[in-house]
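Undergrad: Generate coordinates for the sequence data below:
(one chain, ligands or ions: 1)
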Amino acid sequence: MGARTDMTMDIEHVSQAKVFNGWHKQYRHSSLVLGCEMRFAIFLPSCATQDTPVPVLYWLSGLTCTDENFMQKAGAFRMAEELGIAIVAPDTSPRGESVPDDPDGAYDFGLGAGFYLNATQAPWSEHYHMYDYVVNELPALIEATFPVSSLRSISGHSMGGHGALTIGIKNADRYQSISAFSPITNPMKCPWGQKAFTNYLGPDQDTWKAYDACSLLESNGCALPILVDQGDSDGFLEEQLKPEHLQSAAGAAQAQLELRMQPGYDHSYFFIQSFIEDHLKFHAKYLTQGEG
Ligand SMILES: N[C@@H](CCC(=O)N[C@@H](CS)C(=O)NCC(=O)O)C(=O)O
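TA: Below you'll find the predicted structure:
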């Protein structure tokens, strides 16, 4: 079944399940900015109606993920229902047979690894526009289709933590608050980021700064509150994630960053599940209680 929106786009209902009195639903739609079919998931708390629209937390997942990892593993719905917050989880890259992938099939580039940027280099530049998708196209579709308000916050994990930080820092007028679990904080200085940026953006590192949270803090500062949780037993911590770089950049920019190192936790959704309620309550302060 297709529900026609104001945006002359059809969205196709894929699945739904009642959870903690709210609803988890998946949809497929044709993305204009990505040039392919995309699937996303939404959790709608039971209080969401046309008369009482709810704010939305956008969740950006990490390498290899789809809309399903967070929704199935994070354990977020009991608290999202209690707080009256919708959660939207997009996919992590454009998808489909016409979308190019890493030539060696590696997990850290191409499909499942869109890095929430707009690629400028062929062949990636035809479809890989996850920045525009997350910032503009998806919220417009969500707000035209569901009983939600235009109050938004953004969070994510690993590559998605990089996405949440960079998108939030660059669009402080569109979001209320930013959080991240185990984010890639300084992609210009780590192997995952250097591989992705070289391929998607080309060799000129000046163009990389627009998608590097530490560079963006240096050039833009950040007016929004930021919460970051990082496990100290995360196998990617030193080589890829570098939270100390974010802390220095935030300090220099006088940004409101709370970085919490969590002893014994790794990079998995067990870690996210352990602290997701803190992140939901953090965002609720700015989404539903007018702080900020
Ligand atoms: N060793 C992993 C690396 C990728 C990875 O750790 N992905 C993280 C995000 S960076 C994730 O959330 N994986 C999916 C999950 O745990 O559900 C693999 O090859 O799949």
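
Undergrad: Just the closest residue of the stretch 1-150 of the chain to the ligand, please.
TA: In the stretch 1-150 of the chain, no residue comes nearer to the ligand than Gly62, which is 2.6 Å away by C-beta to the nearest ligand atom. Bear in mind the C-beta positions are built from the backbone N, C-alpha and C, glycine included.

Undergrad: isn't there a strand covering that residue?
TA: No. Gly62 is assigned coil when assessed by DSSP: H, G, I helix; E, B strand; the rest coil, not a strand.

Undergrad: what's near enough to touch it?
TA: 69, 92, 156-161, 182 (C-beta atoms under 8 Å, 6 or more residues apart in numbering).

Undergrad: same thing but 6 Å
TA: By C-beta atoms under 6 Å, 6 or more residues apart in numbering, the contact list for Gly62 reads 157-160.

Undergrad: Could you find the closest non-adjacent residue to it?
TA: Ser158 (3.3 Å; C-beta to C-beta, 6 or more residues apart in numbering).

Undergrad: Could you measure from that neighbour over to the ligand?
TA: Ser158 sits 3 Å away from the ligand, going by C-beta to the nearest ligand atom, to the nearest Å.

Undergrad: what does Ile226 give?
TA: In terms of C-beta to the nearest ligand atom, Ile226 sits 19 Å off from the ligand.

Undergrad: Run through the bridge partners of that residue.
TA: In this structure, Ile226 bridges to Ile178, Leu257 when assessed by DSSP bridges.

Undergrad: Which pLDDT value goes with it?
TA: pLDDT recorded at Ile226 is 98.

Undergrad: can you check Gln289 too?
TA: pLDDT, Gln289: 73.

Undergrad: now the one 3 residues further on
TA: Looking at Gly292, its pLDDT stands at 50.

Undergrad: measure Leu201 to the ligand for me?
TA: For Leu201 relative to the ligand (C-beta to the nearest ligand atom), the value is 20 Å.

Undergrad: got a list of what that residue touches?
TA: 120, 207-208.

Undergrad: can I get these in a markdown table with secondary structure, neighbour count and distance to Leu141?
TA: Listed next are the contacts of Leu201 as a markdown table, based on DSSP: H, G, I helix; E, B strand; the rest coil; neighbours: other C-beta atoms under 10 Å; distance: C-beta to C-beta, whole Å:
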| residue | secondary structure | neighbour count | distance to Leu141 |
| --- | --- | --- | --- |
| Thr120 | coil | 13 | 25 |
| Thr207 | helix | 15 | 28 |
| Trp208 | helix | 21 | 29 |
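
Undergrad: now stretch 53-73, how far from the centre of its chain.
TA: The chain centre lies 7 Å from the centre of stretch 53-73; the measure is C-alpha atoms, centre = their mean, to the nearest Å.
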